[in-house]
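*Asks:* mind folding the following:
(4 chains)
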4 protein chains.
Amino acid sequence: MIVIVKPQATAEQREQLLRRIRELGLQPMVSNGSERTVVGLIGDERLIAEGMLESLPAVEQVMPILKPYKLVSREFKASDSIVEVRGIPFGGKQIQVIAGPCSVETPEQMRQAAAAVQAAGCRLMRGGAFKPRTSPYTFQGVGDEGLDFFRDAADAFNLPIVTELMDVRKIDLFLEKRVDVIQIGTRNMQNFDLLKEVGRLEVPIILKRGMSATVKEWLMAAEYIAAHGNHRIIFAERGIRSFETSYRNILDVTAIPFLKKETHLPVIVDPSHAGGKAWLVPALAKAAIAAGADGLLIESHPCPEEAWCDADQALSPEQLKILMADLRKLAEAIGREL
Amino acid sequence: MIVIVKPQATAEQREQLLRRIRELGLQPMVSNGSERTVVGLIGDERLIAEGMLESLPAVEQVMPILKPYKLVSREFKASDSIVEVRGIPFGGKQIQVIAGPCSVETPEQMRQAAAAVQAAGCRLMRGGAFKPRTSPYTFQGVGDEGLDFFRDAADAFNLPIVTELMDVRKIDLFLEKRVDVIQIGTRNMQNFDLLKEVGRLEVPIILKRGMSATVKEWLMAAEYIAAHGNHRIIFAERGIRSFETSYRNILDVTAIPFLKKETHLPVIVDPSHAGGKAWLVPALAKAAIAAGADGLLIESHPCPEEAWCDADQALSPEQLKILMADLRKLAEAIGREL
Amino acid sequence: MIVIVKPQATAEQREQLLRRIRELGLQPMVSNGSERTVVGLIGDERLIAEGMLESLPAVEQVMPILKPYKLVSREFKASDSIVEVRGIPFGGKQIQVIAGPCSVETPEQMRQAAAAVQAAGCRLMRGGAFKPRTSPYTFQGVGDEGLDFFRDAADAFNLPIVTELMDVRKIDLFLEKRVDVIQIGTRNMQNFDLLKEVGRLEVPIILKRGMSATVKEWLMAAEYIAAHGNHRIIFAERGIRSFETSYRNILDVTAIPFLKKETHLPVIVDPSHAGGKAWLVPALAKAAIAAGADGLLIESHPCPEEAWCDADQALSPEQLKILMADLRKLAEAIGREL
Amino acid sequence: MIVIVKPQATAEQREQLLRRIRELGLQPMVSNGSERTVVGLIGDERLIAEGMLESLPAVEQVMPILKPYKLVSREFKASDSIVEVRGIPFGGKQIQVIAGPCSVETPEQMRQAAAAVQAAGCRLMRGGAFKPRTSPYTFQGVGDEGLDFFRDAADAFNLPIVTELMDVRKIDLFLEKRVDVIQIGTRNMQNFDLLKEVGRLEVPIILKRGMSATVKEWLMAAEYIAAHGNHRIIFAERGIRSFETSYRNILDVTAIPFLKKETHLPVIVDPSHAGGKAWLVPALAKAAIAAGADGLLIESHPCPEEAWCDADQALSPEQLKILMADLRKLAEAIGREL
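*Replies:* Residues are numbered from 1 along each chain as shown, chains lettered A, B, ... in the order given. You can find the predicted model right below:
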């Protein structure tokens, strides 16, 4: 950590700064430049919370040098981590596509959905029994029994299931239903109590990026899970909020190579929520894979027009099959496999 | 709701659109323009979730006409709602300032803080026992016993208390400690399970705006609380995220008059989190009041330099006193009182 | 255009609205819904400027139905337009990569740069003689004679040249030096006088997206050029501004398929400015091509470490060669060629 | 400037970094921490362009210490600068309100507008003869003769005039018509050729903030003008772009105290463009003054409903008069005068 001292700071204020640094268990190293005095801090700067030194009258600016995340960083572990879900690897040469409907509706819909997911060559299935909806007046998800519909349909096709957890009180139910991957949604990326709880489990976690979370905040949210013991974390970019109104979100494709450099953990992309329209999904899915993503999370439905939620962003079984074929060629061209 | 039909849509696709609209319980009204056909929907469009019609091949665009919020809207109730907290009115002529430290630290710190809050003329006190922190390695709040420290200190000065609830499992504790106002923080604005639970209480709720929530989403979050029975809601603008890096957030001062037009509920502002620096608080506090805010939520600390969190944004007792005097003059100039 | 009438509007105010619509040369069509009255406007709504009807007391909201752009839209021309630069097609099956340094420095540097561009298999060369720099104290470009260095170096390798025009007073110079493609930079996307002037030329134009321009504004900027007679326009996405601070800009990869649907004109991408770091360029370049871009604009330098500007984002000759080989495989996998 | 060295950098790469720093005319000072080596640079870091050092293999991050702006900074001049326009001071105790129509339409409209501006107690008048419009198909301004209409109307009421310059080729015309204050619009904040030219004049300049310009970029744009000789600069905040769609822009009220701290130059606010709706103007105008703005730029029109552009954001003569009375009380309450 480096502290820039205000040019007009008095000798007393400068002394107070050095004293405070020592109180916090670090060693100050002063260098006097022609226009500014700069103080370097020797020791573990992660102990100093934001704002602690800025409040002193001598301080103009505080600049951290170390990254605030540790366990999830490449510095902690240089080689890629593989997160396995019932033997299916995330983060290796093979790319994983998780497909399925936005929401669990009926046993029959889930059976058809699972059949289509498997037929297209996807190895895992997604679906939500509890839905975070902007309006209290729209469909809120089927609820507890939805997990049964999902579990049964997926088991019939031997697909591990991925589903979103929003409420700490549902964790026991998720464990009982043997949910294979727990998804933490975009609105809960900084629900720290939820992060701490899933940090105590052994189930792999897909951590979606908050709608306007910086990559640093996202890495810190993962650090919460890792710090509580669960290192089986998969990052999922799902589009960020911007000034653009022509499409729902901006897929932040730059986050893919950036994350792959900063963390050893796998990174996947949700092109369905990023674009918000089924017709945008193929282009975004290809871009994600070309940029280095380890997998995709795609909404598909046996009959998109009749879907109970997000009807305009689900792929039909036929569209999913075509996309998978296109992605297979792309994966080969970049030295990976689907 | 108005549906714009794609110019190239076939007769069959157009027929499917009209059929679907009727299935959803609404009546379509077709008007053929020179370049576009437009279909108006007669009935309660709030029943139609986003995406439901967009997925049909005939549809170019769907434009809602009605506002998605109801109970919190001015159309539902034209006159200003007053939310009372132990006899102290929010939303009337009198402006309320809630002050206090970012986090509860010790009984002594809280006692000093409460004394300063009362001495400055503020009528309510804030403080957090549970803190949402970006890093798992920094101070996470004193926890349960913090509420006792807070309650005792505030009672000694007869100040109602405002504190943040992050976890549904803590509701019973909050009720037991007679928390006077429950704050829903920026990271939980769309924690819908939490909103539903506080919607079942009778305690007044301060609903902070999500870091990048639109005003519509914010109103819809309030609608969740109201729809579950609790109409005692106070909106709190606390700055939004932008591209600007010179200060922590952008105080969205425009949201104040906009909200006052859209909703009958009170609107307050948190200049401390908006600016992120103590020296910015007076200017932002004044701007908020001048723009029509019904109150403020201000961080103050007996000794800011020693605060355990957000040290650089808390006002000292002296600074709080000066600000209150300035705000008093300002309130008078715009026909209100402090 | 559809006008939503305020529920509380008086009969007189409603009458005034209908009168005003007729004055503007359009026909109003009124439909009375249960909660709102809606007025459809028959005629060319493009004649009505934003704000004209909103100012009337009866009006709650005005919703345009038609798109504001015409000549550049897919509705105007359904098939892809090919923009040819000395026989090299943009917008067809073949993907074009334009490479070269950020700024023209010396004749020798440009000769080496041109050699590397050609050796890597790129068909056009970029370089700036006039540089828009944030600081008045940094290098502002070599100026007029830079165009000579560039022209000579490019001619030696038979490469058409692409260079940025910032000042209307330099147009004659650009014509005299036979600049093959004029680039309008991100800061000038809405420099309407400049757009009008290049609209009168026959030279192909690369129109970069403004740093925070919506796709609609960008299409309208192109419409300015087209409306003045020049239809040889190539869109160039170069990253947009967001809240993220870990990288310079966000490459808006979603804009690629969206633009390809809205306009018949070619779309290329500048991964160098989008990412701001050389190590991000390969991933972003691949993502752009996978998403359907018709070409790329890449910064390369004979010796990046010694570049006079943007040294950290230029590829070395070797890196450019490797990237071109990778892109060739990718192009084939998606049915195109490089 | 401080350079953080990559932990894995080789001795040779570290040596290259130190050599390069010396080549650039600065002295490196190395400090070896437990986790990172840090190099401080002694000398004028403003000579080093962004990216120059980042391109070296040893460099992890480069952090500037000095501010990139000089002449416009408080460090250069500690006391407030007063910019006088024909004897009217900007930046002192007195607050200045500049009012008038968006665009010059007819001599009669300008005469009425000027009468209303003076009657309300405003001391300067605004109006545009050349309008930057998003669409090439809407009204582009009256053009050259508009300046005559404006000049004549303003002279009749002894009001100095403020008008926007978009094209360097119009500077002679502006001088000939004795324009009192030249406005550089939001789309031209980084039109560096234009900034250089107005930097050579003696006319006061109102420099509007770019739609998504950071405060630092804005200060640097002013530095361009100052570096070319013209120090008579007034900053004008006019709202920035965000994700919010309920109103046109976000008035960045935080920029006011921040700028007042960073620069000695006056700061005014344009609440009309910030809000985009006449009914929002009073609240925003008051917020701006309360936050410390030195003046306002307000759109007013003799008959807003008939305005040729931005009809929905202009105040009527009556509304302007009421606002001025309210602002007068507010100004007094904060120790200033109107």
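
*Asks:* which stretches in chain A count as helices?
*Replies:* Assignment of helices within chain A using DSSP state H yields the ranges A:11-23, A:107-119, A:144-156, A:171-176, A:192-199, A:215-227, A:255-262, A:271-275, A:281-290, A:317-333.

*Asks:* list the buried residues of the longest one.
*Replies:* Of the residues in helix A:317-333, those buried by neighbour count under the rule 16 or more other C-beta atoms under 10 Å in any protein chain shown are A:317, A:319-321, A:323-324, A:326-327, A:330-331, A:333. The way it works is simple: take the backbone N, C-alpha and C, and place the C-beta from them, glycine included.

*Asks:* quick one: stretch A:16-30 to chain centroid distance?
*Replies:* Relative to the chain's own centre, stretch A:16-30 is displaced by 37 Å; criterion: C-alpha atoms, centre = their mean, to the nearest Å.

*Asks:* how about stretch A:92-111?
*Replies:* Here the centre of mass of C-alpha atoms in stretch A:92-111, compared against the chain's by C-alpha atoms, centre = their mean, lies 18 Å away.

*Asks:* over to stretch A:220-238?
*Replies:* Here stretch A:220-238 is found 8 Å from its chain centre; the criterion is C-alpha atoms, centre = their mean.

*Asks:* pretty sure A:Q190 contacts A:E223?
*Replies:* No. Proximity of A:Q190 to A:E223 does not meet the contact threshold set by C-beta atoms under 8 Å, at 12.0 Å.

*Asks:* pLDDT and distance to chain B for the buried residues of helix A:317-333 - can I get that in a markdown table?
*Replies:* Putting the buried residues of helix A:317-333 into a markdown table (pLDDT from 0 to 100; distance: C-beta to the nearest C-beta, whole Å) gives the following:
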| residue | pLDDT | distance to chain B |
| --- | --- | --- |
| A:P317 | 98 | 15 |
| A:Q319 | 97 | 12 |
| A:L320 | 98 | 15 |
| A:K321 | 98 | 19 |
| A:L323 | 98 | 17 |
| A:M324 | 98 | 21 |
| A:D326 | 98 | 22 |
| A:L327 | 98 | 23 |
| A:L330 | 98 | 26 |
| A:A331 | 98 | 29 |
| A:A333 | 97 | 32 |
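
*Asks:* output those of those residues also counted as contacts of chain C.
*Replies:* By C-beta under 8 Å from any C-beta of the partner chain, the members of those lying near chain C are A:326, A:330, A:333.

*Asks:* what's the closest of those residues to chain C?
*Replies:* Checking these against chain C by C-beta to the nearest C-beta gives A:A333 as the nearest, at 3.6 Å.

*Asks:* for that closest one, what are its contacts?
*Replies:* Applying C-beta atoms under 8 Å, 6 or more residues apart in numbering or on different chains, one finds that A:A333 lies in contact with C:329-330, C:332-333.

*Asks:* residues of chain A that sit close to chain D?
*Replies:* Applying C-beta under 8 Å from any C-beta, we find that chain A lies next to chain D at A:2, A:4, A:7, A:29, A:31, A:33-36, A:38, A:40, A:42-43, A:63, A:65-66, A:75, A:212, A:241-243, A:245.

*Asks:* just the buried ones out of those residues, please.
*Replies:* For the residues of chain A next to chain D, a burial check counting by 16+ other C-beta under 10 Å picks out A:2, A:4, A:31, A:33, A:36, A:38, A:40, A:42-43, A:65-66, A:212, A:241-243.

*Asks:* how's chain A carved up into domains?
*Replies:* Following automatic domain parsing, one gets these domains for chain A: A:2-63, A:83-333.

*Asks:* okay, the ones you listed in JSON lines with distance to D:P101 next?
*Replies:* Listed next are the domains of chain A as JSON lines, based on distance: least, C-beta to C-beta, whole Å:
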{"stretch": "domain A:2-63", "distance to D:P101": "44"}
{"stretch": "domain A:83-333", "distance to D:P101": "28"}
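
*Asks:* for A:L18, which non-adjacent residue is spatially closest?
*Replies:* With C-beta to C-beta, 6 or more residues apart in numbering or on different chains as the criterion, A:L18 has its nearest non-adjacent residue at 4.9 Å, and that residue is A:P28.

*Asks:* what pairs with that neighbour across the strands?
*Replies:* Listed beta-bridge partners, A:P28: A:L41 (assigned using DSSP bridges).

*Asks:* would you check how far apart A:I334 and A:A288 are?
*Replies:* A:I334 sits at a distance of 12 Å from A:A288 (criterion: C-beta to C-beta, to the nearest Å).

*Asks:* which one's more surrounded, these two?
*Replies:* When neighbours are counted by other C-beta atoms under 10 Å in any protein chain shown, A:A288 comes out ahead of the other of A:I334 and A:A288, with 29 against 17.

*Asks:* measure the more buried one to chain B for me?
*Replies:* A:A288 sits 22 Å away from chain B when distances are taken as C-beta to the nearest C-beta, to the nearest Å.
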